[in-house]
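> this is a predicted model, with the sequence first.
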Amino acid sequence: MNGRASGRAEAKINLGLRILGRRDDGFHDIRSIFHSISLADEIDIALSDSGGVSISVEGGGGLVPADGTNLACRAAAAFMDRAGLSGGVSIRILKRIPAGGGLGGGSSDAACTLRLMRDITGLDPGLFEIASSLGSDVPFLLTGGAALVEGRGERITRIEAGDFHVLILDPGVHSSTAQAYADWDMRHPGLTIRHSRCDLPTPELAWHEGRPFPVSLCNDFLPLLVERFPAMAETADRLDACASIWGLSGSGSCFYALFRSAHEAESLEASVPRRFSPVLCRATCSAGVSSNW
Ligand code: ATP
C-alpha cells in the first residue's frame, strides 16, 4: 500500500495529578486532568510496498531514539501487525516537545502515528487497544482536548476544554517516569491501600462557576522531584515567586504557568532566564487531530 500523510502531535499538561495507589499489575492508579496544548511535534508518514519501519528524527537534543524503540516506530509496527499489512513505513519526526518533560511527547508521537496510519490506509484495527498497549498516556492523546483521566490512563472522561495561555518552563533535567514512581513507592510502603484523599474535581466541577482552571493543581510527584533535582526546586521557587497559577506536568521535569491573557503570559516569558527554555503556547481542544478525523 502506498500513501503519505502529515500531522501535528500536540503535547499535554496535567492540571493536577494524584497517585491513588499501586495496582496488583504494578501500574499505579492516578487521577488527573489532562489538557492538550499547542506545543507540538510534526510527523510525516509514508507507506510503500516494501521495506520495514524506518525513522528519522530532527531535534530532541539526542534524547530521542531514532530506531525501532521510538514510540512512533512501535506504533507503526503494531498498526501494521494488527491490520495484517506488510510493506514499508517511513517516519519523519520534527521534535519540539522537550523529551522526558512530562509533556507526553513520545506518547503523542505514537498517537499521531496511529491517526495518520488510519488516514492513509482507511483501516482501524483497534486504535484504542493499540494505544493502550503502547503506554498509559497514549489513549488520551489519540483525541486529546481535555479529560479527567483515571485508572492507569484508560478511564477517560471528556470535559470541556479550557481557553487559556500557557508558559512552559524546562529545568533541563531528564526525569524518568519509572524512577519517579519508584521514589513514590519507597515513600509509601502501604501503597496497595488506596488514598481516600483526592481533591481533584469531578468533570462537572472542573471549570465550575467560570473558573479558568481546575480547583487543585497539586501534583504528588512534586515534593519528591524537587528533592532529587535542584534545578526543579529552583524552577518551582521561581514560579512560586512570580506566577499565581502554576504546576508540574506529569512526572516532570517541565512546569507550566497558566494565564487568562496573552499579555500576562508574555510578561512572565520575557522575564524568565533563557536557561529555562520558556515556551509560550495555548490550551487546545485537540491533540492536533485534523478536522476530517
Ligand atoms: P513518559 O511519561 O512516558 O516518560 P514524558 O512525557 O516524560 O513521557 P517523553 O518525551 O515521552 O517524556 O520521553 C520519554 C522517553 O521516551 C525519552 O527519553 C526517550 O528515550 C523515549 N522516547 C521514545 N520515543 C520517543 C519519541 N517519539 N519522542 C520522545 N521520546 C521518545
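Happy to help now that I have it. Nothing here was measured: the structure is a model prediction, and the numbers come from that model.
> and stretch 71-85, which residues are buried?
Neighbour counts over stretch 71-85 (16 or more other CB atoms under 10 Å) mark 71-76, 78-80, 82-83 as buried. To be clear about C-beta, it is placed using only N, CA and C from the backbone, and glycine gets the same treatment.
> intersect those with the contacts of the ligand.
When CB under 6 Å from any ligand atom is applied, the members of the buried residues of stretch 71-85 adjacent to the ligand are 71-72.
> so which residues of the stretch 1-150 of the chain form strands?
Assigned by DSSP state E, counting those that start in this stretch, the strands in the stretch 1-150 of the chain fall at 3-22, 28-48, 53-58, 88-94, 146-151.
> would you reformat those as JSON lines and include mean neighbour count, distance to residue 131 and mean pLDDT?
Shown next, in JSON lines, are these (neighbours: other CB atoms under 10 Å; distance: least, CB to CB, whole Å; pLDDT from 0 to 100):
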{"stretch": "strand 3-22", "mean neighbour count": "22", "distance to residue 131": "13", "mean pLDDT": "94"}
{"stretch": "strand 28-48", "mean neighbour count": "22", "distance to residue 131": "14", "mean pLDDT": "96"}
{"stretch": "strand 53-58", "mean neighbour count": "17", "distance to residue 131": "17", "mean pLDDT": "97"}
{"stretch": "strand 88-94", "mean neighbour count": "20", "distance to residue 131": "17", "mean pLDDT": "98"}
{"stretch": "strand 146-151", "mean neighbour count": "21", "distance to residue 131": "13", "mean pLDDT": "93"}
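> if we can go back for a sec, need the buried residues of stretch 71-85 in TSV with pLDDT, can you?
TSV is the format used below for the buried residues of stretch 71-85 (pLDDT from 0 to 100):
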residue	pLDDT
71	98
72	98
73	98
74	98
75	98
76	98
78	98
79	98
80	97
82	97
83	97
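> determine which two of the buried residues of stretch 71-85 are furthest apart.
Pairwise distances across the buried residues of stretch 71-85 peak at 18.2 Å for 71 and 83 (criterion: CB to CB).
> verify the stated contact: residue 141 with residue 156.
No: counting by CB atoms under 8 Å, residue 141 stays clear of residue 156, with 10.3 Å between them.
> who's more crowded, the two?
More crowded of residue 141 and residue 156, by other CB atoms under 10 Å: residue 141, with 30 against 17.
> report pLDDT for the nearest residue to that one once chain neighbours are set aside.
Of all residues not flanking residue 141 in the chain, residue 111 sits nearest, at 3.8 Å (CB to CB, 6 or more residues apart in numbering). Looking at residue 111, its pLDDT stands at 98.
> for residue 111, what are its contacts?
The contact partners of residue 111, by CB atoms under 8 Å, 6 or more residues apart in numbering, come to 9, 75, 131, 138, 141-142, 144, 287.
> next SSE after the lowest-mean-pLDDT helix or strand in the chain?
Across the helices and strands of the chain, mean pLDDT, DSSP states H and E gives its lowest value to helix 203-206, namely a mean of 64. Of the helices and strands lying after helix 203-206 in sequence (DSSP states H and E), the nearest is helix 222-228.
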